[in-house]
Structure formats: structure tokens, C-alpha cells
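Colleague: I would like to see how this sequence folds:
(2 chains)
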Amino acid sequence: AQRVTQPEKLLSVFKGAPVELKCNYSYSGSPELFWYVQYSRQRLQLLLRHISRESIKGFTADLNKGETSFHLKKPFAQEEDSAMYYCAPPNAGKSTFGDGTTLTVKP
Amino acid sequence: GAVVSQHPSWVICKSGTSVKIECRSLDFQATTMFWYRQFPKQSLMLMATSNEGSKATYEQGVEKDKFLINHASLTLSTLTVTSAHPEDSSFYICSARDWGDYPPNEQFFGPGTRLTVL
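Modeller: Residues are numbered from 1 along each chain as shown, chains lettered A, B, ... in the order given. The predicted structure is shown next:
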């Protein structure tokens, strides 16, 4: 089954500091992963997907097959980045989403 | 982007009654819909995967007789909480995925339904 793991439930950084939200995957085949974000009182929405290699709101995520990771990074965190972030594989398996990481960016 | 709606957005009911929540994909056909439960400031918990025209697949620990899921069309899935009790109070979220597995398709989420059982 496709599984992703987000080891950090909570992450807190100061505004302007770099931030990295960790995601590790463990399944066979070509991994194709997504990052979703849920801002306060809003629905979940796609942040970025591995296959498009895009940068959204300053966030990037690189697939590292050697480390089986898909960490989400931003060089300078902003207060508006405070939200819950989920790493997810494209196909529902036993665990569709990682457990999520709540990011708090302090002023 | 694709839009998923949920109805109602919130509902209050008495213990012992049943509540139906609708999830609709408005501008695409969703062969697969997912139902989640979310407690305050906690992660999503996948309850079941709903495939159009077939029985839903429930996650371990989720009572299928309690949480009835019907996915009768490519644009509508319903979750019925039967004989609701206060412990069923939660935020229920659905998502839908466009058909086809490649290229990998994102999930589109509904706004959620807040259920409060008195």
C-alpha cells in the first residue's frame, strides 16, 4: 500500500526564517506526490504536485528517491503560511494522507 | 479548478436520528470520492472510499452500518450517519477525484459539514 509519513505534527518558525516540512514515502513504483494545505476556516486545497515541479507561494518540493522523501521547503516563511500541511500520494491506499503538520509562523 | 460542494454545511440533530450529507462534484465526473472526519486541530481521518456503482471500502474501525455511503452517480455521493450520537459530532469532509489514474489526479475537497448531535 502507498504510505506517506509526516514525522512532525507541529512546526513553529519565525517570520523570515526558512521552513521545511518533512514527508517520507514508502511504496513501490514511481512515486507521484502532492502537498495540500488547509488554512484556518478554509477547505483543503492543492499546494503543489511533484509531477509539475512548480513553485507555489514560494514553496517547492523535490522528490529524493534515495531518501524516499518529498519535503516541502520555503526559504523565507511568512505569517500567512501558518496552516496545516498534508503530504499525499495520488491514489487512495490504506492511508491517503499523511497525518499533517501544523505550521505556525510567528511574527 | 474543479469544484466540490457539500450540503448541508452544518447540521444539528437529536441523538438517535439519522443525518444525510451530500457531496457533489459540480463540473467533473468523479469515479472516486472520499469521506473524511476531522476533529478540531487534528488531521484528516479517512473513513471510506466510495466508488461509483459499487460498495464503499471502509477503513478499519469505521462501522459501515453506522456510516452508510452511497455513490449512485458520477457526481454525487452521500454519507448517512445513522442513529447519531453525541460522539459522532465532528467535521465531515468529502473529496472527489477525476476519473483516470494517470496523470495522477489531485483530490478536490468540499468545504465540510459540521455535525452536532445533541
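Colleague: can you list the residues of chain B near chain A?
Modeller: B:1, B:32, B:34, B:41, B:43-44, B:46, B:49, B:59, B:93, B:95, B:101, B:103-107, B:109-112 (Cβ under 8 Å from any Cβ of the partner chain). In this view, the C-beta of every residue, glycine as well, is placed from N, C-alpha and C.
Colleague: doesn't A:Leu46 fall inside a strand?
Modeller: Yes: per DSSP: H, G, I helix; E, B strand; the rest coil, A:Leu46 lies within a strand segment.
Colleague: please work out how many residues are found near it.
Modeller: 16 (other Cβ atoms under 10 Å in any protein chain shown).
Colleague: so who does the nearest residue to it once chain neighbours are set aside touch?
Modeller: The spatially closest residue to A:Leu46, leaving aside those adjacent along the chain, is B:Glu106, at 4.7 Å (Cβ to Cβ, 6 or more residues apart in numbering or on different chains). B:Glu106 is in contact with A:34, A:46, A:49, A:90, B:97, counting by Cβ atoms under 8 Å, 6 or more residues apart in numbering or on different chains.
Colleague: tell me the two of those residues that are most distant?
Modeller: The span of these, defined through Cβ to Cβ, is set by A:Arg49 and B:Arg97 at 13.0 Å.
Colleague: please identify which of the two sits among more neighbours.
Modeller: When A:Arg49 is set against B:Arg97 and neighbours are counted by other Cβ under 10 Å, the residue ahead is B:Arg97, at 24 against 21.
Colleague: how much space between the residue nearest to A:Leu46 and B:Asp98?
Modeller: Per Cβ to Cβ, to the nearest Å, B:Glu106 is found 8 Å from B:Asp98.
Colleague: ok, B:Lys41 next?
Modeller: 30 Å.
Colleague: for chain A, what spans make up the strands?
Modeller: A:4-5, A:10-14, A:19-21, A:24-25, A:34-38, A:45-49, A:60-61, A:72-74, A:83-88, A:101-106 (DSSP state E).
Colleague: just put these in TSV and tack on distance to B:Pro8 and mean pLDDT.
Modeller: Putting the strands of chain A into TSV (distance: least, Cβ to Cβ, whole Å; pLDDT from 0 to 100) gives the following:
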stretch	distance to B:Pro8	mean pLDDT
strand A:4-5	32	88
strand A:10-14	32	97
strand A:19-21	33	97
strand A:24-25	36	90
strand A:34-38	20	91
strand A:45-49	21	87
strand A:60-61	35	92
strand A:72-74	34	95
strand A:83-88	24	92
strand A:101-106	27	96
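Colleague: in TSV, list these along with distance to B:Lys14.
Modeller: Listed next are the strands of chain A as TSV, based on distance: least, Cβ to Cβ, whole Å:
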stretch	distance to B:Lys14
strand A:4-5	39
strand A:10-14	37
strand A:19-21	41
strand A:24-25	44
strand A:34-38	30
strand A:45-49	34
strand A:60-61	46
strand A:72-74	43
strand A:83-88	32
strand A:101-106	34
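Colleague: contacts only, for B:Ser83.
Modeller: B:16-18, B:66.
Colleague: switch the cut-off to 10 Å
Modeller: B:15-19, B:65-66, B:117 (Cβ atoms under 10 Å, 6 or more residues apart in numbering or on different chains).
Colleague: just the buried ones from those?
Modeller: B:19, B:117 (16 or more other Cβ atoms under 10 Å in any protein chain shown).
Colleague: out of the contacts of B:Ser83, which sit inside strands?
Modeller: Mapping these onto strands (DSSP E) picks out B:19, B:117.
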